[in-house]
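In: Got a predicted model here, sequence first, then my questions.
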Amino acid sequence: AQSVTQPDIHITVSEGASLELRCNYSYGATPYLFWYVQSPGQGLQLLLKYFSGDTLVQGIKGFEAEFKRSQSSFNLRKPSVHWSDAAEYFCAVGANNQGGKLIFGQGTELSVKP
Amino acid sequence: NAGVTQTPKFRILKIGQSMTLQCAQDMNHNYMYWYRQDPGMGLKLIYYSVGAGITDKGEVPNGYNVSRSTTEDFPLRLELAAPSQTSVYFCASRKGQLNEQYFGPGTRLTVT
């Protein structure tokens, strides 16, 4: 079955430090992968996506993610975190059924220390 | 473009009441979705539509109904509200298969 796992429920980093959020997926074919960010009380905003091609994907707000097929991973990174990055981050894979729905991980809540 | 819009933003219902959550998009997208988000969980698909006049069930459809009479609108109906339907509801849309989904701001529903 298709699934997404985000092992870290909550992460705290200091402002200016680097960040890596982990995402592992289970999928039988080449996956379509996404990272979304959700600020408190807001909807979901797309950070970046991977469909094919270069396995290092650049997104908005200075984020990037690397697709590693051998590890079934799509980890999100940022070299220097800003206080405004505090939010919840969701990794998702596009399903091959039900209209191409998104299958979401449980989310990782990011806190940023001053 | 306004993107995906949802109304209302907040609603409190009593058990057994009914209501319709509205969703509209102005991007001429074919695909539309309703998800619910519960604390500590990702989003789960309730219903989806691949075009006007075509709808189908997602993972958690019980207690809900949808219709898609136009490309723009995709309302979600709760007929007999139950406490288990307390959640945040998100509508989303996308153009086609190789496109990302765009999300509305959500409706926070409480059933007491």
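Out: Cool, the structure landed.
In: Look up phi and psi at A:Lys61.
Out: Torsion angles at A:Lys61 (phi, psi; degrees, to the nearest 10) stand at phi 60, psi 20.
In: That one contacts A:Leu47, correct?
Out: Yes - using C-beta atoms under 8 Å, A:Lys61 is in contact with A:Leu47, at 6.8 Å. (Each C-beta comes from the backbone N, C-alpha and C, glycine too.)
In: Who has more neighbours out of those two?
Out: Per other C-beta atoms under 10 Å in any protein chain shown, whichever of A:Lys61 and A:Leu47 has more neighbours is A:Leu47, with 22 against 12.
In: Can you tell me the SS state at the more buried one?
Out: Of the three states, A:Leu47 takes strand under DSSP: H, G, I helix; E, B strand; the rest coil.
In: burial measure for A:His82, as a count.
Out: Close neighbours of A:His82, defined as other C-beta under 10 Å, add up to 12.
In: I meant A:Trp83, not that one.
Out: 11.
In: which residues does it contact?
Out: A:Glu15, A:Val112, A:Pro114 (C-beta atoms under 8 Å, 6 or more residues apart in numbering or on different chains).
In: Leaving out sequence neighbours, find the closest residue to the last one.
Out: Yep, that's A:Pro114 we're talking about. Among residues not flanking A:Pro114 along the chain, A:Glu15 sits closest, at 5.8 Å (C-beta to C-beta, 6 or more residues apart in numbering or on different chains).
In: any residues in contact with both of A:Lys61 and A:Leu47?
Out: Residues touching both A:Lys61 and A:Leu47 by C-beta under 8 Å, 6+ apart: A:Val37.
In: any idea of the pLDDT on the residue with the largest distance to the centre of chain B?
Out: No residue in chain B sits farther from the centre than B:Leu98, which is 21.4 Å out by C-alpha atoms, centre = their mean. pLDDT recorded at B:Leu98 is 73.
In: my guess is it meets A:Ser52, correct?
Out: No - contact criterion C-beta under 8 Å: B:Leu98 and A:Ser52 do not qualify, at 9.1 Å.
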